[in-house]
Structures are given as structure tokens and as C-alpha cells.
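**Student:** Dropping the sequence and predicted coords here.
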Amino acid sequence: VAFCHPGYNAPFNRLFSLPRVESASPRGPWGVHYLTALTACQIIANNAFDGYLVAEQADGPRIVADNDSILTHNQYFFIVPDKPIYAVVPSFQEWQFPGSAPQAWQDAVAATLADDITLAGDVPGEQRCVVTGRFTVEVAHLSPREEKTWFLNNAMTIYDSHSASNPTDCPSNQIILDCSLHTAMDKQLWAFAPRHQRFAVQTISLPQNLTHNMLSEFVDEYHGRYLRPGGMFGTEVEYLFVRSAWTVL
């Protein structure tokens, strides 16, 4: 599904595209997750959180939808009020953290932490993947370790009081993932995003070095799976949002 800029003509108006990994009903059609698509557009448009989507034509009616609705048209335009030709962020390094995560992300934190209180987590001392529960795990960075300069320039250290030689190594920026999930995340295939007011694995892109069969395999096994009870423990939502932005940009 293509997402486009209203101020330019095709084919130079395309902002990005998302793979159709969501089924609107048991028999289809397939599409993309509304909140994921909207947030990606807002990030790319320099944190234009007042922006909205229209389908097919740039002068179409504003889409008003539930966050978990499925977008099934082939093309959408992202509109920023009073800015027909808005600026686009060309890379993650030039994106500025907005100071806090969007409200939907804050709501997902509250719901996830409520689950942690009511449901049993892992056995103390065991390191298991926060999604699959497997023990074949690695420590993954949310704000990428190689983006140290960006991390410092955006004062991301204020969300964790621990000091480290590389500031991205702070505990709140780390999460335990199954090795396969970690590799796929670093290939910008997926990121955590709100889904039914909880955090889940959200497929974002099809990297150039992966085939459609590989994408289907990933979607079948991981897409839409929620953080397990205790999965948010020690992790700050700001870093989850940074990873999503890095994956999109």
C-alpha cells in the first residue's frame, strides 16, 4: 500500500509503502494497520501529529477510523493541515525526537503494565524472549547502538539514569529477544507498535535482501504477537518509539 505526498505529482510523491500483512476479514481483503500507517506518515512528515489520511485522491475526505482498522486501498495521501507542501525527513539521523511518545503508545504502556500485574511472568533469573518466551536469546538495543551521535544530540539519556561508556547501552534501551527476531528487527523488518492498546510485533517493510517467501514466513510466525507478561519491565516507551521511527526512516 502506497502513502503519498499531496504536494507533488506521481511518481515523485511517494513517501513510502507498507506490505499488506493484515486481513480485514477471514476472506480478505488484505491491507495495513491504520495506526501503524498513520504514525509512520507523521514521523516522516517531521512529527506532524495533526496530520491525517485520505484514500486514493489528495482532495478526498479525511479518514476517521479506529486505530486498529485495516486500510485496503492501493494508495493513500497524508495531509498536514495548512501545509500543502510540507517538509519530509530524509533520514533517521535528521529526525528529531518529539519529546515524548504519542498518546497511543502511552496508553499501550498502561495496558501492558496492567497485564504484568495480573498475569504470571517468567521464572526469576531466566532470560526469555519478551515475545516468544524462548531461551535462545540476545540483548537487543531499541535505539540502535550505532546511532550514538543521534542519541546524544536528542538528549535520550534523560530517560535512563544509568551511565555507560556507550549511552545506548543503558538498561531501559535494551530488551531480550529471540535471536531470529533480533536479526529481523535490525534488518528493519519490524518494530513494536500499539495494537489493541498493547504492544505487538508490527511488520513494517520488506528489506531488499529478503524474498516474499521470507516475509510470509516471518508474518506467519511473528506478526501481531504481543509482548509477554513482564516484557515491558525496565524498558522505556520512548525507546520503543525511537526504534519504530528508525525502522520507518
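**Tutor:** That came through fine.
**Student:** got any ranges where this structure has weak pLDDT?
**Tutor:** Within the chain, the stretches with pLDDT under 70 are 114-125.
**Student:** quick one, strands of it?
**Tutor:** Taking DSSP state E as the criterion, the chain carries its strands at 2-4, 14-17, 22-23, 30-33, 52-55, 70-71, 75-79, 137-141, 174-178, 190-195, 198-203.
**Student:** With respect to E147, which of the ones you listed lies nearest?
**Tutor:** Nearest of the strands of the chain to E147, taken as Cβ to Cβ: strand 137-141 at 9.0 Å. In short, each C-beta sits where N, CA and C put it, glycine included.
**Student:** Which positions within that closest one qualify as buried?
**Tutor:** Buried residues in strand 137-141, defined by neighbour count with 16 or more other Cβ atoms under 10 Å: 137, 140-141.
**Student:** Stretch 11-18 now?
**Tutor:** By neighbour count on 16+ other Cβ under 10 Å, the buried set for stretch 11-18 is 13, 15-18.
**Student:** same check, this time on stretch 214-229
**Tutor:** Buried residues in stretch 214-229, counted by 16+ other Cβ under 10 Å: 215, 218-219, 222-223, 226-229.
**Student:** hmm, back to that, quick one: which of the buried residues of strand 137-141 is nearest to H33?
**Tutor:** A140 (22.1 Å).
**Student:** ranking the strands of the chain by burial, who's on top?
**Tutor:** Highest mean neighbour count among the strands of the chain (mean count of other Cβ atoms under 10 Å): strand 190-195, with a mean of 25.
**Student:** Mind giving me the packing neighbours of that strand?
**Tutor:** Applying 3 or more Cβ pairs under 8 Å, 6 or more residues apart in numbering; DSSP states H and E, one finds that strand 190-195 contacts helix 34-44, helix 103-118, helix 179-186, strand 198-203, helix 237-248.
**Student:** Between strand 198-203 and the third one, find me the angle.
**Tutor:** Between the axis of helix 179-186 and that of strand 198-203 there is an angle of 70 degrees, by axes from the mean of the first three to the mean of the last three Cα atoms, to 10 degrees.
**Student:** Which secondary structure elements does helix 179-186 sit against?
**Tutor:** In terms of contacts (3+ Cβ pairs under 8 Å, 6+ apart), helix 179-186 is packed against strand 137-141, strand 190-195.
**Student:** cutoff 10 Å now
**Tutor:** Packing partners of helix 179-186 (3 or more Cβ pairs under 10 Å, 6 or more residues apart in numbering; DSSP states H and E): strand 137-141, strand 174-178, strand 190-195, strand 198-203, helix 212-221, helix 237-248.
**Student:** between the second one and helix 237-248, how many degrees?
**Tutor:** Translated: strand 174-178. Using the same axes, to 10 degrees: strand 174-178 against helix 237-248 is 60 degrees.
**Student:** how much space is there between the nearest residue to A40 once chain neighbours are set aside and L189?
**Tutor:** Nearest non-adjacent residue to A40, counting by Cβ to Cβ, 6 or more residues apart in numbering: V248, 4.6 Å away. The gap separating V248 from L189 is 12 Å, by Cβ to Cβ, to the nearest Å.
**Student:** what is in contact with these two at once?
**Tutor:** Common neighbours of V248 and L189 (criterion: Cβ atoms under 10 Å, 6 or more residues apart in numbering): 204-205.
**Student:** and D107, how many neighbours does it have?
**Tutor:** Using other Cβ atoms under 10 Å, D107 has 14 neighbouring residues.
**Student:** And A24, by the same measure?
**Tutor:** Other residues within reach of A24, judged by other Cβ under 10 Å, total 14.
**Student:** So it versus S163, what's the distance?
**Tutor:** Taken as Cβ to Cβ, the span from A24 to S163 is 48 Å.
**Student:** For N47, which non-adjacent residue is closest in space?
**Tutor:** Spatial nearest neighbour of N47, excluding adjacent residues (Cβ to Cβ, 6+ apart): P98 at 4.5 Å.
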